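Trainee: What follows is a protein structure lacking sequence information:
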């Protein structure tokens, strides 16, 4: 399959319009129609209904393959560009909110002392975006977090030749309002909280889908969904009694109005990893090495 035709197909499906896709891609509408016709002819199947524009069942199946394929092609181009590019005088780092630890800020400060002219950009992103942005060279280094069994790696998507290295593992705690009936417990089991009211904050706390997976329960009903990367916003919602959240214990210890009760079972940790390309060099490599040296 021609990747250009595949890209046109994905864009038309997302836009729901041949004309909108043409504007986004910089093609004429006629060219977009020709791309779709050529792809359908190549595969011997109708991929799109024309009125209204929507994928057929076969088109839906192709979409499942198309987006990962295009991402992998983008990642391959970015990886080759890294090998041929001159060493950069700047570094772009992406991090999920809980991964922005004091360890990272101290290590970055040390790097800037040894490289005073280095331009540094830090972007706070959702967890799903970080592997994709590292693979496509939008980020030089990613800091990503999640839950795992002790000493187990995070489960990350296979979207390119990326290297993940452990930075830290920390205890998890249930964050609840200080006045909550469970706030004075020495520990809490996840299974006992299946009927509690939870805040689903997939980019700042452990997502409810993960809670259901690790506990084997269909519970953990969503009281409120928080779509953001600002930890302070999530803390304010918990303090106000809108629901519970599972977070790294050190991120909530000592916060007024919040009780951090350790997770007693299952045996899980909050794990942070540094994610980068296999061709990392220069200041980026120094930063990654310094961060991961703490776990040696």
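Mentor: Thanks, I have the structure now. Note that the coordinates shown come from a computational prediction; the quantities given were computed from them, not determined experimentally.

Trainee: hang on, residue 150 packs against residue 169?
Mentor: Yes. Assessed by CB atoms under 8 Å, residue 150 is found in contact with residue 169 at 6.5 Å. (Glycine included, C-beta is placed from N, CA and C.)

Trainee: which stretches of the stretch 1-150 of the chain aren't confidently modelled?
Mentor: Along the stretch 1-150 of the chain, segments meeting pLDDT under 70 span 82-88.

Trainee: ok, which stretches of the protein are strands?
Mentor: Secondary structure of the chain by DSSP state E: the strands cover 48-50, 53-55, 90-95, 119-124, 141-148, 162-170, 172-177, 188-189, 197-200, 221-225, 245-248, 258-265, 269-277.

Trainee: counting contacts, what elements does the fourth one pack onto?
Mentor: Okay, so that is strand 119-124. Counting contacts by 3 or more CB pairs under 8 Å, 6 or more residues apart in numbering; DSSP states H and E, strand 119-124 packs against strand 90-95, helix 102-114.

Trainee: Which strands border that strand, and is each parallel or antiparallel?
Mentor: strand 90-95 (parallel) (DSSP bridges).

Trainee: contacts for the partner strand?
Mentor: Residues outside strand 90-95 that contact it (CB atoms under 8 Å, 6 or more residues apart in numbering) are 104, 108, 118-125, 129-130, 133-134, 138-144, 283-284, 287.

Trainee: Give me the buried subset of the residues you listed.
Mentor: Among those, those buried by neighbour count (16 or more other CB atoms under 10 Å) are 104, 108, 118, 124-125, 129-130, 133-134, 138-144, 283-284, 287.

Trainee: What is the neighbour count of the residue nearest to residue 98 when sequence neighbours are not counted?
Mentor: Among residues not flanking residue 98 along the chain, residue 145 sits closest, at 4.8 Å (CB to CB, 6 or more residues apart in numbering). Residues lying near residue 145 (other CB atoms under 10 Å) number 25.

Trainee: you'd agree residue 97 is up against residue 203?
Mentor: Yes. If you go by CB under 8 Å, residue 97 and residue 203 touch, sitting 6.7 Å apart.

Trainee: which residues are in contact with both of those two?
Mentor: residue 229.
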